[in-house]
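Enquirer: When you get a sec, could you give me coordinates for this:
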Amino acid sequence: MKIAILHIGDVDKAATQSIRNGLCKALPKIACTVLKEAMPIPQEAYNSTRKQYKSIYILARMSDFIEDRDAECVLGIADVDLYVPRLNFVFGQAECPGKFAVISLTRLNPQFFGHPPNNSLFHERSLKEAVHEIGHTLGLHHCRNSRCVMFFSNSLLDTDRKGPSFCVSCYSHVARRT
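Expert: I've put the predicted structure just below:
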């Protein structure tokens with residue numbers, strides 16, 4: 001399986017490299033590359049009332065910016081606050097199953113909440129959300145196991161509590177797909 005990482009707007013390169021390296025460890029049967037060209041953030045995604053970006057608009061535009069048509073999964077990484085209707089925010093969204101997923105680094109960064117920088121925690125959270133959204137592209141839904149990476153994160157407490165790996169049940173599905 002081949003995963004392509006697409007920058008959406010201006011994204012921290014160290015975070016991207018950390019995500020790429022982590023994905024290669026979490027999913028050892030995959031090849032993971034970072035695309036050279038970045039996708040501009042679609043302005044139609046911006047909601048000025050919420051001061052957030054509607055993630056479905058970003059997902060819809062990602063196919064226009066893919067250099068590598070052989071990738072089975074494209075993970076978009078953005079550093080803007082994302083939302084879907086009926087939720088205050090989302091850490092990410094994906095087609096389930098499908099090819100495209102997007103994560104937002106914004107709320108995963110401790111500095112967003114006025115905390116001091118903590119790159120280790122920031123990179124750990126980013127990897128968990130990347131693996132989670134890729135799991136959705138592989139057809140996985142949310143898991144009831146609170147330690148599984150596929151557990152739904154309603155808050156950072158959920159993200160911090162869960163692990164970066166799939167539980168046995170979810171991994172068996174992933175192993176069949178990769």
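
Enquirer: Show me the shaky parts of the protein.
Expert: Along the chain, the parts satisfying pLDDT under 70 run over 67-68.

Enquirer: Do a quick rundown of the strands in it.
Expert: 2-8, 31-34, 46-47, 52-54, 73-78, 82-83, 92-94, 100-104 (DSSP state E).

Enquirer: Okay, buried residues for the longest one please.
Expert: Using 16 or more other CB atoms under 10 Å as the test for burial, strand 2-8 gives Ile3, Ala4, Ile5, Leu6, His7, Ile8. (Glycine included, C-beta is placed from N, CA and C.)

Enquirer: Repeat that for stretch 144-160.
Expert: So stretch 144-160, judged by 16+ other CB under 10 Å, has buried residues Asn145, Cys148, Val149, Met150, Phe151, Ser153, Leu156, Thr159.

Enquirer: wait, doesn't the first one sit right on Gly163?
Expert: No: counting by CB atoms under 8 Å, Asn145 sits too far from Gly163 to count as a contact (9.4 Å).

Enquirer: Going by distance to Ile58, which of the buried residues of strand 2-8 wins?
Expert: For these, the minimum distance to Ile58 (CB to CB) is 6.2 Å, reached by Ile8.

Enquirer: Spatially nearest residue to that closest one, not counting backbone neighbours?
Expert: The shortest distance from Ile8 to any non-neighbouring residue, by CB to CB, 6 or more residues apart in numbering, is to Ala78 (3.9 Å).

Enquirer: mind listing what that neighbour touches?
Expert: Ile8, Gly9, Val11, Ile41, Tyr53, Ile58, Val102, Ile103, Ser104, Leu105, Thr106 (CB atoms under 8 Å, 6 or more residues apart in numbering).
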